[in-house]
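1. no FASTA, just this:
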RNA sequence: GCCGGAGUCGUGUAGCGGCAAUCACAGGAGACUGUAAAUCUCCCCUCUUUCGAGUUCGUAGGUUCGAGUCCUACCUCCGGUA
């Protein structure tokens, strides 16, 4: 195969931007919409690749920043690439390190804020581990304090060493707390020029490294919650020679669907769109309805490790004492390995006893839950029942909290 | 029997005349959205939704403006010794 990526659209939903399709990569295909679990450091925390496969995951996403620091992208290249290294034969994505621009910078020690109304939600200069200028980002390693400068070129070199099928342009992830003028500057001086530089370096590397399977590059749209900036960014990047697009950045939960629509109305229809860092069921519905094709997110895994499991009726902490004597599966509707073999009481006990297995079993469940949700949404688009499915699912999902 | 030591929140502790009283564990609840997350936050004597009120450091007295803290007696436990 000469092209790094092909995207075929199969179904479209009347009255919305939702579609189903197939992404074809050198390491296999992804039926979209799809949820892509995150294996930041070339490992899905707490579970094996076989267990990840059992969740129905079609692909996995790794992170350039983390793998650059350890074990190093040259080492992964020597291993034969990320697929061989981590024994994951399916399609892979690699994030550019753009998220760390925010999470180690202004967002350091903060929770991602999708409301914008937490007043003190920006990290002070001296406490940060990342500093931005128009050329790139200086990082202070969270592992040993050493300094590293990320540029679009370095990010692409790292991502090519890693060898993921789909890579992302290095971008600046802003927050809802940055003002409008900062958001404009961020687009014009960094995210957009960096996208051009990422693309140029990517093309050079794909040509230079012809002994490896060709890699795809997605440009990442920013613009926070401003319609004009989102449309402008989508138009600008959409006209470039990317294989697909990342829908990134500061999103306001309240109107996340609308923000996604602004971008997708401007983007070329025939290229895939990846929603970066989103996985709450209501957000997934809103994004798919407005044209998102794939998703990645650490949340299902993280909340699982911390004891929160998804059910049809909402996300619930198994650590609650009510599950101590509950000898039924935590989610009776679930076909995952965990729910097929273990009871709520057992999971409750494992968390209580701080057994590693608690995290493994709950991660398997949550990843399966979100993967299956998106699979079901895909099926509902194909057979035209999307809106009914969405209404029923969300009514159930939020029925407990409203009560 | 005598000598010495100790009794503080479910447990183990801090406390050195001045705030229901430290810390840890246990217990209860919550949070988590391109992973510095096996993390973090809150509650945890009683009553109260809150503000707040009440009762407390083995028991009973005493000294003091004020006692978990000092004194006396008693009770219990742990060492040592007959």
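-> That came through, no problem. The model shown is predicted, which means the values in this text are computed figures rather than measured ones.
2. Look up how far residue A:398 lies from the nearest residue to residue A:327 once chain neighbours are set aside.
-> Spatial nearest neighbour of residue A:327, excluding adjacent residues (CB to CB, 6 or more residues apart in numbering): residue A:343 at 4.7 Å. (C-beta placed from N, C-alpha, C; glycine too.) Here residue A:343 is placed at a distance of 26 Å from residue A:398 (CB to CB, to the nearest Å).
3. Check residue A:60 too.
-> 30 Å.
4. Would you mind finding the longest helix in chain A?
-> helix A:356-382 (DSSP state H).
5. Give me the buried positions along it.
-> A:358-375, A:377-378, A:380-381 (16 or more other CB atoms under 10 Å).
6. what residues does whichever helix or strand comes after it touch?
-> Per DSSP states H and E, helix A:356-382 leads on to helix A:386-397 as the next helix or strand towards the C-terminus. If you take CB atoms under 8 Å, 6 or more residues apart in numbering as the criterion, helix A:386-397 is touched by A:13, A:16, A:18, A:281-282, A:285, A:289, A:312-314, A:373, A:376-377, A:380.
7. can you check stretch A:302-309 too?
-> Counting by CB under 8 Å, 6+ apart, A:45-46, A:315-319, A:330-331, A:347, A:351, A:358-359, A:362-363, A:365-367, A:369 sit against stretch A:302-309.
8. what's the answer for stretch A:183-194, then?
-> A:132, A:134, A:136, A:152, A:169-172, A:174, A:178, A:220, A:222-224, A:226, A:229, A:232-233, A:236-237.
9. Buried subset of those as a PyMOL selection?
-> Buried subset of the contacts of stretch A:183-194, written as a PyMOL selection, criterion 16+ other CB under 10 Å:
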select buried, chain A and resi 132+136+152+169+170+171+172+174+178+220+222+223+224+226+229+232+233+236+237
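10. At the contact with RNA strand B, which residues of the stretch 251-400 of chain A appear?
-> Within the stretch 251-400 of chain A, the positions adjacent to RNA strand B are A:253, A:276-280, A:283, A:296-299, A:301-303, A:305-308, A:315, A:317, A:319-322, A:324, A:352, A:354, A:356, A:359 by CB under 7 Å from any atom of the strand.
11. Mark which of those are buried, thanks.
-> By 16+ other CB under 10 Å, these give A:253, A:276-280, A:283, A:296-299, A:301, A:303, A:305, A:307-308, A:315, A:319, A:359 as buried.
12. what's the domain layout of chain A?
-> Domain ranges of chain A: A:6-297, A:308-402, per automatic domain parsing.
13. Would you point to the one among the ones you listed that's packed deepest?
-> Here the criterion is mean neighbour count by mean count of other CB atoms under 10 Å, and of those the winner is domain A:6-297, at a mean of 20.
14. now the end-to-end length of that one.
-> Domain A:6-297 has an end-to-end distance of 23 Å (CA to CA, to the nearest Å).
15. now swap in stretch A:32-46 and tell me
-> End-to-end distance (CA to CA), stretch A:32-46: 26 Å.
16. Restrict the contacts of stretch A:183-194 to those that also contact RNA strand B, please.
-> A:171, A:220, A:222.
17. got JSON lines for the residues you listed, with secondary structure too?
-> JSON lines is the format used below for these (DSSP: H, G, I helix; E, B strand; the rest coil):
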{"residue": "A:171", "secondary structure": "coil"}
{"residue": "A:220", "secondary structure": "strand"}
{"residue": "A:222", "secondary structure": "coil"}
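18. so what's residue A:104 up against?
-> So residue A:104 contacts A:128-130, A:139-140, A:142 (CB under 8 Å, 6+ apart).
19. Give me the subset of those residues lying in helices.
-> Those of the contacts of residue A:104 lying in helices (DSSP H): none at all.
20. So which of the contacts of helix A:386-397 belong to helices?
-> Counted as lying in helices by DSSP H, out of those, are A:281-282, A:285, A:289, A:373, A:376-377, A:380.
21. so which of these comes closest to RNA strand B?
-> Ranked by distance to RNA strand B (CB to the nearest atom of the strand), these are led by residue A:282 at 7.5 Å.
22. so what's that closest one closest to, chain neighbours aside?
-> residue A:394 (6.0 Å).
23. Mind telling me what element the residue nearest in space to the middle of chain A is part of?
-> Centroid-nearest residue in chain A: residue A:296, 2.4 Å away (criterion: CA atoms, centre = their mean). For residue A:296, the host element (DSSP H and E) is strand A:294-297.
24. Which residues are in contact with the residue of chain A found nearest RNA strand B?
-> Proximity of chain A to RNA strand B (CB to the nearest atom of the strand) peaks at residue A:277, 2.2 Å away. By CB under 8 Å, 6+ apart, residue A:277 lies in contact with A:99, A:112, A:248, A:296-298.
25. if you set the cut-off to 10 Å instead, what comes out?
-> Contacts for residue A:277 (CB atoms under 10 Å, 6 or more residues apart in numbering) come out as A:38, A:61, A:95, A:99, A:112, A:173, A:246-249, A:251, A:283, A:295-299.
26. what does residue A:20 give?
-> The contact partners of residue A:20, taken as CB under 10 Å, 6+ apart, are A:8-13, A:31-34, A:288, A:293, A:377-382.
27. cool, and residue A:310?
-> Residue A:310 sits next to A:279-281, A:300, A:303-304, A:316, A:330-331, A:334, A:362, A:365-370, A:372-373, A:397 when contact means CB under 10 Å, 6+ apart.
28. What of residue A:53?
-> Here residue A:53 is in contact with A:47, A:60, A:88-90 (CB under 10 Å, 6+ apart).
29. and what of residue A:182?
-> Neighbouring residues of residue A:182 by CB under 10 Å, 6+ apart: A:172, A:174-175, A:224.
30. let's see it at 8 Å
-> So residue A:182 contacts residue A:174 (CB under 8 Å, 6+ apart).
31. Give the helix, strand or coil label for it.
-> Applying three-state DSSP: residue A:182 is helix.
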